[in-house]
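A.B. asks: give me the fold of what follows.
(chains A, B and C)
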Amino acid sequence: MKRATWTPVDAARFDPGHGERALAYAAPDGAFSLYNDYRSGSSFLVRPAIAEGPESLAARWRTADLADGPRPLGPTDGVEGYGVFTFPYGPITLGVPESGRFDLRTYGERILSASVVGGFKRRRILAGLAGLPVDEAGLRVERIAGNFAAAHVSAFLAAAESARGDPVPIGELWVRAVAQEIQRAYNHLHVIARIAEAAAQNVGLAQAHALAEELLRLQGRLFGHRWAFGALLHGGPPRRLDRDDRRQLPARLSTLSARFEELWSLFLGSRTFIDRIQDTVALSRERVVAAGGVGPTLRACGVPWDDRLRVPSVPYTDLFVDLPQESGGDALARVLVRADEVRSSFSLLEQLLDRWPKRPGESLAPDEPIAPGRGLGRVEAPSGDLVYDVTVADDRIVRVGARTPAEANFPIFGEGLRDAVFTDFHFAFESFGLVFAEVDR
Amino acid sequence: MSLTPDGAVLSAAVVVLLAGAPLALVRRRAGYLATFVGAGLLVVASILALASGPVVGLSWVGPFGDPEGLRLDALSAFFALAASLVWLGTSAYSLAYDLGPDPTLAVCYALTLGAIAVLIAASSWVLFLIAWEAMTLASYGMILQAVGRPDKIFSASFVFLAFGEASSLFALVAVAGLAVGTGTFLETPYAATGLLSTMIFATALIGFGLKMGVAPFHMSEWLPIAHSSAPSNASAVLSATLTLAGAYGLFRVLALLGPAPLWWGAVVLGIGAVSVLLGALFASVSEHTKGLPAYSTIENNGLILVALGVALMAGAEGLPELYAFALFAAFYQAIAHALAKTALFLTAGYVEHTTGTFDLGAVQGGFKGRDRAAFAGTVAATLSLAAAPPLAGFVSEWMILESLFQSYRFSPEWAQFVGLLAGAAVALAAGLIVVAMVKYLGFSLLWNPAARAERDGSRLLGGSIAAVAAVVLGLGVAAPWILRALAPVVSGFAGTPIAAPVGSLLSVPSGWSILSGSPFGILSPPVVPIALAIGAAVAWGYLRLGRAPTRRVAPWMSGTPAGRPGETYTSFGYSTGLRIMMGSVLRTREVRAQTPDGTTAQFATTIPYSVDLEVLDVFKLFYDELVRLGRAISDGLKAGLMPGRLGQYLAYILVVTLAVVIVTAWVG
Amino acid sequence: MSPASSWLEAAARRGILTSRYPARPAAQEEIPLTGRPPRPVGGSVGTPEAVAACPVGALAADGIDEGRCIRCARCLATGFEFRGPVETARLRRDDLVVPYAAPARPEDAAAPLVGLKRSLHIFLVDVGSCNACNLEVLALANPFYDATRLGLFFTNSPRHADVLLVVGVPTEAMVDPLRRAYEAMPSPKAVLAVGVCPISGGVFRGSAGLRSALSDVLPVDAFVPGCPPTPLQVLDGLLKLVGRSRPREAVPT
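C.D. replies: Below you'll find the model as predicted:
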């Protein structure tokens, strides 16, 4: 069985400006870059990395790992005018649950330009992984962004396994997929709940939150930890995924799925809810592609890219993965994509349980390493394409590089806020599903 | 010609005021001192007139054979009192403020004051008109004394002069009508109805309305003040007393015309309501420390007209109680506004003196804490204009709203409807003006950051502001007694004796409450400050006697350090919500310009650019069009009639001579 | 059953989801396996293998420092089990070091905000968390836990707050904003550290550029260990601040 695929290409023969190509990852040492081609739906591994200017995405992502303290995540606009002042929103606010600041230039009601300042939660996790054994490093990778733990760990382990040439039991790959799909569902439900809160739909908020809580409790029962910390690593808490447990799961999942359908149809019928997110921060396809946007933000602009389809690995190679897209590019489109993905996650969970491998202990060879001791892992996290680049020597980590979806989407958010109104801020922010913890790793 | 002692005081007042002009040429201080003394004498004279009957001053034989001169009857005495109280404040202020070398301002100031005194005290229309014209020219001279861009100043003062002359023109026509009706140029009643009295009413309303700065002529009020940076004592005189002169003219004509038909009151009410709303709206989005009070003047003069309109309508409908109450409201509003507005303009001058700017956005607490008297005076003045108890503005606003509430008593439905709409407009404007005054007060005085005042104001500056504001407070607290004192004024206007609408309420002593109709509404102004004082004392005692320590911390700004420059709300931002909401009335639009040396990044434009949100007055567009049309016509006439050809001119002379011969032969 | 046609109907059908904690003990589905701290099976001694297996050094031979345990389950292979009590919050840092054998020391520290028993306002600050603790705290607002029934409310300004609830490992950049938030709070006030990150640095203990303990920055009044603690454990910590918490359940050793 094959695992993740990409097409290696020589840098001299690759034209990044041809068609709809976007940079997905640029290695910090310049050894290679990863490009997505949205026209052909394929991914290119370009060696060596194509030199890009100081203002490029690659340069900005490189400096992300070096910068210290608060720094702007994206270009800033200089707007002047009579009565224009800066409204610093953050780093500690109730509306944005994490620590990050938004410097909004305004003359009153309208946001003339926005500069997102991150780095307040900078923990230098990736740099601290050097010298650790892979499993212990995995404990830290999980805690980069706890609500995306399954995605980060899956990508990290795929990269490490590829770097070491370790075969992995196929049952593990199934378990990782189960964790990722449950995680996708509750993250999207959190997004919907927070938008409902901003739109004062309090019953909807309560019901969406309750459904997310039920998914967390389900994960807690299956993996022994509500957020699946340690569950995908060696020596983690005992799981409850043997045959008897798996027999009872589909019924539970279909109850939750039916609840979601009911909840979502009520949301769609709520004029207030739709009104607040319709036409809020509408982005054009060109800008999102050029800016390297990923995830539901990209799919809401009509670009059909999902790593589970375009760069599929086991088990997604054998499953039917739905690809919801919208073309509006506004907050409504992003939320619609997320709702469809929740539905699709429930369907994938059903398929995963249905096609559970008969011999889960059977080993599978990992991907080809990019270079001796260096592997790449790619996963579709709930907020988009996540890339891990791991170099291993003697069973210990030498260096880890990563490009998280928040890193790609934050500048787009900052730019999209231009000419928005203050009251639209939370709708816009929640619809992007941005997490400062991923940028401040 | 013999003068009574009262008359001597009156005449001396006028003479001293006028004498301020030549004195100012010698020494500016002497001129201002003269106006101060003259204003004081005028106060005395008007109080005497209110207390013991009309005062007759100097008199002589006029050009048309009528005896004319200076006299103060009840109506004139009221306006003279209001104006001279204002002048006391502004003259004291000018003694400290006008430090420039050029005496022209002082000369024109004295001439303006003298002219206004003469026109209020005039017993004949001829003297009135002469004084009216002198007032216009003298105040034009004051406005020219400004700092700033010369072309802007010239056009702003030219606008003032143009509107002033238009006002004189209409006033002249109205006087002519009265003269035709009564046969004399003395200010005598003319009680007939018909086309002539309608014409008199219309031209008087337009002419004096132009001077009062009500819609649709409000541009004459805000443009010269906001755009010419006229010095503050000039602005105070313009806003407070010129408009009082206009109000006096209108009131005098209406008093002489006798009982008014219903539609006259409705027209006055309508014009007043529109002015109130427009003035309040523009005030709340203004950023100019003098433009904002100028718009507020438009609103307040509109309130005077609203009260007057309700009174006229009530008189036509045979509702004597409402008639009396509304008239009391009108007069009370006039004096309350004049004094509060004066204090506010003097504050603007103080701010400009200490911080050097007229831009509210740049003041930002510039003179906070420097002078407690100025501080207290400004707070009292802005709160009075925002109709906060226990100040005079609160009482007058209450009285006006109460009279509007009672418009249901009118019998025709259309009259009730007009009253309803006017009431809604006044209520909306009351809310908007609170926004404007809070913005003014907050961003000039109460702003937190380090005080940036460059110079201290002198004690005289602060003291005069506080004194005027104290009078405003006194007017508010002692309102029932002030209304009693105004009873002769209202009786003089109505022609019949009218008692003040004061009475009693429950356990409040009799005579301490104002009644707005029986039964309708009741208010006791002296009780309000007593209740406030008791409440404040209790709270103070509780805080002092309790032992909770006070800890001062920086303001919370989401964890960002507070008070960094450029990161605090601007006064512009405070009213942007209104600019956007009322965008169709204010014609709000955003103007973007790209500033030079912008760079473009890969996907987002890091182009520095400037954004400005602008509002404009639609009426100004109308006047600009009128001016353009006038210019076009005159250019056309010039090109057509005066081509400079000798033959054509000779032909004109011939034609005109023939025409005159024929006409005189015909008539003869 | 056909789907509900209105919010009211949908909510009515779901019924009452709210937990009965603290009136009743925590139900089984409310606490996952790793929600309870680890204890050695059978014997009362931690073996050297266990002490070496713990990646954060929480295990000692005679006791466990619950303020360090990240619930990674590495010690399970060396004779430990997750069977400690649910209520792990303590008012003193020292009380988080629990000996295996002896029963837990009774809580004798006075609850700092006893006077605010019926109405406690909480200001949440995330200094450097991975979001798991953040979301567990915010989960107190969902219908399953509903903290408002106990008089616990979240505020959006420290000026209205009684409790500063801190999650995450303190980063250098957040020290100043955190201090500003603390100063802006009126007395009486308390600081609650939720999760092992502010207590001991969690899995990042000793990393460069991070403070390993919140108590280096602010005076901390209560500690809720866990990685992340479940919402009911956070609730227990808040209730301890006002003296309304459920007594710590006795667990057979």
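
A.B. asks: you'd agree residue B:397 is up against residue B:430?
C.D. replies: Yes. Contact criterion Cβ atoms under 8 Å: residue B:397 and residue B:430 qualify, at 6.3 Å. Just so you know, the C-beta spots here come from the backbone N, C-alpha and C atoms, and that holds for glycine as well.

A.B. asks: which of the helices or strands spans the residue of chain C at minimum distance from chain B?
C.D. replies: Chain C approaches chain B most closely through residue C:177 (3.1 Å), counting by Cβ to the nearest Cβ. Per DSSP states H and E: residue C:177 is located in helix C:172-184.

A.B. asks: mind listing the helices for chain A?
C.D. replies: A:57-66, A:134-142, A:149-164, A:170-198, A:202-223, A:243-268, A:271-277, A:285-290, A:296-299, A:307-310, A:331-354, A:405-416, A:425-432, A:436-439 (DSSP state H).

A.B. asks: hang on, the earlier thing: isn't the residue of chain C closest to chain B right up against residue B:557?
C.D. replies: No. Using Cβ under 8 Å, residue C:177 is not in contact with residue B:557, being 9.8 Å away.

A.B. asks: for the residue lying closest to residue C:172 once chain neighbours are set aside, grab the count of nearby residues.
C.D. replies: In space, residue C:172 comes closest to residue C:209 once its chain neighbours are excluded; the distance is 5.9 Å by Cβ to Cβ, 6 or more residues apart in numbering or on different chains. Other residues lying near residue C:209 total 16 when counted by other Cβ atoms under 10 Å in any protein chain shown.

A.B. asks: which strand residues bridge residue A:105?
C.D. replies: residue A:86, residue A:113 (DSSP bridges).

A.B. asks: pull the number of nearby residues for it.
C.D. replies: So residue A:105, with other Cβ under 10 Å, has 23 neighbours.

A.B. asks: same check on residue A:202?
C.D. replies: Residues within reach of residue A:202, counting by other Cβ under 10 Å, total 11.

A.B. asks: who's more crowded, residue B:397 and residue B:430?
C.D. replies: More crowded of residue B:397 and residue B:430, by other Cβ under 10 Å: residue B:397, with 27 against 18.

A.B. asks: the closest residue to that one other than its chain neighbours: which element?
C.D. replies: Nearest non-adjacent residue to residue B:397, counting by Cβ to Cβ, 6+ apart: residue B:387, 3.8 Å away. Under DSSP H and E, no helix or strand contains residue B:387.

A.B. asks: wouldn't residue B:387 be in contact with residue B:400 here?
C.D. replies: No. Judged on Cβ under 8 Å, residue B:387 makes no contact with residue B:400 at a distance of 9.6 Å.

A.B. asks: give me the more crowded residue out of the two.
C.D. replies: A direct count of neighbours by other Cβ under 10 Å for residue B:387 and residue B:400 places residue B:400 higher, at 28 against 22.

A.B. asks: OK, contacts around the more buried one?
C.D. replies: B:303, B:306-307, B:310, B:326, B:329, B:333, B:426 (Cβ atoms under 8 Å, 6 or more residues apart in numbering or on different chains).

A.B. asks: go on, residue A:10?
C.D. replies: Residue A:10 neighbours (Cβ under 8 Å, 6+ apart): A:46-47.

A.B. asks: beta-bridge partners for it, please?
C.D. replies: residue A:47.

A.B. asks: tell me, how many residues neighbour the residue of the stretch 301-441 of chain A found nearest chain B?
C.D. replies: Among all residues of the stretch 301-441 of chain A, residue A:415 sits closest to chain B, at 4.4 Å; criterion: Cβ to the nearest Cβ. Applying other Cβ under 10 Å, we find 25 residues neighbouring residue A:415.

A.B. asks: pretty sure it contacts residue A:290?
C.D. replies: No. Taking contacts as Cβ under 8 Å, residue A:415 lies outside contact range of residue A:290: 10.8 Å.

A.B. asks: which of the helices or strands spans residue B:210?
C.D. replies: Assigned by DSSP H and E, residue B:210 falls within helix B:195-212.

A.B. asks: mind checking what helix or strand follows that helix in sequence?
C.D. replies: Heading C-terminal from helix B:195-212, the first helix or strand you meet, by DSSP H and E, is helix B:219-228.

A.B. asks: what's the helix holding residue C:177 packed up against?
C.D. replies: strand C:120-128, strand C:163-168 (3 or more Cβ pairs under 8 Å, 6 or more residues apart in numbering or on different chains; DSSP states H and E).

A.B. asks: let's see that with 6 Å instead.
C.D. replies: In terms of contacts (3 or more Cβ pairs under 6 Å, 6 or more residues apart in numbering or on different chains; DSSP states H and E), helix C:172-184 is packed against strand C:120-128.

A.B. asks: run a quick neighbour tally on the closest residue to residue B:307 other than its chain neighbours.
C.D. replies: For residue B:307, ignoring the flanking residues on the chain, the nearest one in space by Cβ to Cβ, 6+ apart is residue B:330 at 3.7 Å. Counted with other Cβ under 10 Å, residues neighbouring residue B:330 total 27.

A.B. asks: what's the separation between residue B:330 and chain C?
C.D. replies: From residue B:330 across to chain C, the span is 47 Å (Cβ to the nearest Cβ, to the nearest Å).

A.B. asks: got it, and residue A:151?
C.D. replies: 13 Å.

A.B. asks: show me what contacts the closest residue to that residue other than its chain neighbours?
C.D. replies: Distance criterion Cβ to Cβ, 6+ apart; nearest residue to residue A:151, sequence neighbours excluded, is residue A:381 at 3.6 Å. By Cβ atoms under 6 Å, 6 or more residues apart in numbering or on different chains, the contact list for residue A:381 reads A:148, A:151, A:405.

A.B. asks: hang on, the second one packs against residue A:379?
C.D. replies: Okay, so that is residue A:151. Yes. The pair residue A:151 / residue A:379 is scored as a contact, 5.1 Å apart, by Cβ atoms under 6 Å.
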